[in-house]
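>>> What shape does this take:
(chains A and B)
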Amino acid sequence: MATTPLTTVPQATGPARTKRRPGRGQLGTAMLFLSPALLGFLVFFAWPAVRGLYLSFTDYNLLSEPTWVGLENYAAIVDDPVFWNSMGVTLQYVAINIVVQTLVALLLAVLLHRFTRSMLIRGVVMLPYLIANVVVALVWYWLADYNLGLINSGLDAIGITRIGFFGDEQYAMTTIALVNVWRHLGYTTLLIFAGLQAIPHDVYEAAAVDGAGEWRVFRSITLPLLRPVLAFVLVVTVVGSFQIFDTIAVTTQGGPVDSTNAITYYIYDRAFARFDFGYASALSVILMFILAVIALVQMRAFRAGQSDLER
Amino acid sequence: MKKSMMTPALIALAAVSLAACSSDGDETAGQGGDGASDGDAATISYGLWDSNQLPAYEQCAADFAAANPGYQVDIEQIGWDDYWTKVTTGFVSGENYDVFTSHVAYYPEFQKNGQVLPLDGYIEADGVDMSIYQEGLVELWQDPEGIQYGLPKDFDTIALFYNAQAVEAAGLTAEDMSSLTWNPEDGGTYEDVIARLTIDTNGVRGDEEGFDPTSVETYGLWMEGAGGADGQTQWSFLTATLGWTQTDEPWGTSYNFDDPAFAETIDWWYSLVDKGYMPTFAAQEGISWADQLIAGKAAMVPNGSWMTGYVFGSESDTFTPAVAATPVGPNGQNASMLNGLADNIAASTDNPDAAWAWVKYLGSPECQNVVGEAGVVFPAIVEATDRAVAAFEANGVDVTAFTQHVDNGTTVLFPITDFKSDVNAIMGPVMESIMSGSGGTDTLPAANDSVNALFE
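Model prediction:
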């Protein structure tokens, strides 16, 4: 996923699409170079997906052979209040995570682009992303501890009532969403920053000549020209955001009262705690379809394939 | 449950590692061997999760190999979460440990699917004396038809860990702590002591005039989650004194969460939150109970014998570890849930006879005495338990608060039924909502109905 922006970004500036197409004679060579990735794709993506689809129509507990039950799992899911709750809290997570993360990352990226050349500052922004998710989650879990955590001690010191960040139904999912904003902010900023660098300088110079202010430049130049990159960033982060798992697994484990029982955690719980692999597969298939639709809609809505520069 | 001592961090890793899981449980390299055994020695692979116990079992394996030149044992230790992923996927791939440490939360699923071997034939043929084990432990490892799947290896019970300095500062003594009484109406002297041990941020105690329940510095009692369906370390030692247990017998097919005695106990327990003697559900989430106790945020916490080493190893200027028996309830006795581990033989083993020889040795006094002398857990054999008690005592830890339950027969068995994980999935959120105050105990009958519907 880290390599994709490199293919997207040049489109913003790239010359006309007149690349020389390889002749048929080179097909064999191309296939040779593609085969390792293709093999990996078939073994680790295509086959598990097909197999998962099949299992979603079965009753399968891993320890004995799957038995075909048709659409029973899907019917049960429709009537499963925990599933609907999971979708609800997942949407809540995605909304908070994506909105906050994208806005702050955009702001940071523009600041980095316009006001600093310091590699140190640019590097510092990336730091949280270099820490393993589980470590980030645990550190924040301890920092936010009600009784012993630094954050609550601080709140207490300035006269604000302590908050059960991870333990209170009202706050738990928001807390987890914000922890992951902190963790992923640097990466998102970097992607947007790369997009900013691809915008030619002359348009900014022209704007300066015209006497446009910073806000006007941002609104009329930066944002429109950034659209393909933002679209890519949103597709990647929204899809990733729906798959929130690790932070929940090491902190609240779905609690309190299912308030952080996001869909992937529920799938995990069904499969590995309750040995209900057929049901979990059906949940996964549903999640896959939801994500595919979201990605498609986003790509369309943002016309991610085209840049305003080319018009 | 042993689970509670494991860091949840590993759960994430477990999920990840599943994908990368290779079935190397059946290594024949025999890296645990001493090289002296002959080339034909059958290697038995053995899995366990507790690293604290590894040295004792390595000793057992060496002794076993010395006594049985035809066999050697290759031990692999993996942390709790990865352990169960490995065992489960091992069954799927058909390449599993020959023998593995098992837990009642998992083995019914394995047994139901024919993945573990019944031991009755071996036990009969070898005339194994099943009466040497602490009472109740043998039954934990029988299926509903009474077929035996494991020889008990150790057991755990519940007692009250407390900070002796906090107790002394409150004007209480160790005798006070070990003679507590409880009832669901006014909480008995148990509640009195909890109130006394609670201190607000102004230094006012819970039983004194002007106590501020909204700003507590030290809680008299800590809440370690809501207890889910088991309440092993939370409330099972209270409900048992009312004659209440989750089911009427092992492998029962209906649960008793709709019993008013259960609701009464939980109501009393939750009342401690309102009174400020116990943290709210939101406030208890986070750093573990043991560290809250050690840091002085709690004065007393009920928990399992498996935590003895950790708590007593954390003595500091402000924390003097001590342990007391659970309070005596309305039935005139105190109580504790009893759980125990055993070793299962995987049905996939190539050499069941060798696996049995090792299981038999693990269940014998020879091995369990070694385990007992290590002073980490309580072995299942009565005489080996005594050695463990002595080993703890040599380290200055009096563990009779735990062991008295098996001596006095005041235990209730860890609830073992079918659909255990589904029962947990239903009761977990229900108990959490009661303890966080968003639901009342009047939700219990409906929850019990959904639990019982699993068995229909």
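
>>> residues contacting residue 302?
I'll assume chain A. A:R227, A:P228, A:L230, A:A231, A:L234 (Cβ atoms under 8 Å, 6 or more residues apart in numbering or on different chains). To be clear about C-beta, it is placed using only N, CA and C from the backbone, and glycine gets the same treatment.

>>> Sorry, I should have been clearer: chain B.
Contacts of B:P302 (Cβ under 8 Å, 6+ apart): B:I158, B:A159, B:L160, B:F161, B:L221, B:T233, B:Q234, B:F237, B:T326.

>>> quick one: which of these sit in helices?
B:F237 (DSSP state H).

>>> can you put the contacts of B:P302 in TSV and add pLDDT, neighbour count and distance to A:W47?
Shown next, in TSV, are the contacts of B:P302 (pLDDT from 0 to 100; neighbours: other Cβ atoms under 10 Å in any protein chain shown; distance: Cβ to Cβ, whole Å):
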residue	pLDDT	neighbour count	distance to A:W47
B:I158	96	27	48
B:A159	96	27	52
B:L160	97	22	54
B:F161	97	27	51
B:L221	97	24	53
B:T233	95	23	44
B:Q234	96	22	45
B:F237	96	28	50
B:T326	96	28	54
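
>>> Format the contacts of B:P302 as TSV; extra columns: distance to chain A.
Shown next, in TSV, are the contacts of B:P302 (distance: Cβ to the nearest Cβ, whole Å):
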residue	distance to chain A
B:I158	22
B:A159	23
B:L160	20
B:F161	17
B:L221	14
B:T233	17
B:Q234	14
B:F237	23
B:T326	24
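
>>> picking that back up, scan the contacts of A:F302 and report the most crowded one.
Within the contacts of A:F302, most neighbours by other Cβ atoms under 10 Å in any protein chain shown means A:P228, with 23 neighbours.

>>> Surely that residue is within a helix?
Yes. Assigned with DSSP: H, G, I helix; E, B strand; the rest coil, A:P228 falls within a helix.

>>> Can you tell me how far B:V99 is from B:G114?
17 Å (Cβ to Cβ, to the nearest Å).

>>> whoops, B:D248 was the one
27 Å.

>>> Next, give phi and psi for the residue nearest to B:V204 when sequence neighbours are not counted.
With sequence-adjacent residues excluded and distances taken as Cβ to Cβ, 6 or more residues apart in numbering or on different chains, B:V204 is closest to B:F211, at 4.8 Å. Per-residue torsions, B:F211: phi -70, psi 130 (degrees, to the nearest 10).

>>> Count the neighbours of B:F211 for me.
19.

>>> Surely it touches B:D200?
Yes. Counting by Cβ atoms under 8 Å, B:F211 does reach B:D200; the two are 5.6 Å apart.

>>> tell me, what's touching those two both at once?
Shared contacts of B:F211 and B:D200 (Cβ under 8 Å, 6+ apart): B:G276.

>>> where does chain A have low pLDDT?
Residues of chain A meeting the criterion pLDDT under 70: A:1-24, A:304-305, A:307-311.

>>> And the strands in it?
Per DSSP state E, chain A carries strands over the ranges A:58-59, A:67-68.

>>> hmm, who's touching the last one?
With Cβ under 8 Å, 6+ apart as the test, strand A:67-68 has contacts from A:F57, A:T58, A:D59, A:Y60.

>>> from those, which is closest to chain B?
A:Y60 (10.6 Å; Cβ to the nearest Cβ).

>>> From B:I426, how far off is that closest one?
A:Y60 is 21 Å from B:I426, by Cβ to Cβ.

>>> just A:I121 next, same as before
Using Cβ to Cβ, we find A:I121 at a distance of 51 Å from B:I426.

>>> Spit out the contact partners of A:T251.
Per Cβ under 8 Å, 6+ apart, neighbours of A:T251: A:A137, A:L138, A:W140, A:Y141, A:F166, A:I176, A:T260, B:P8.
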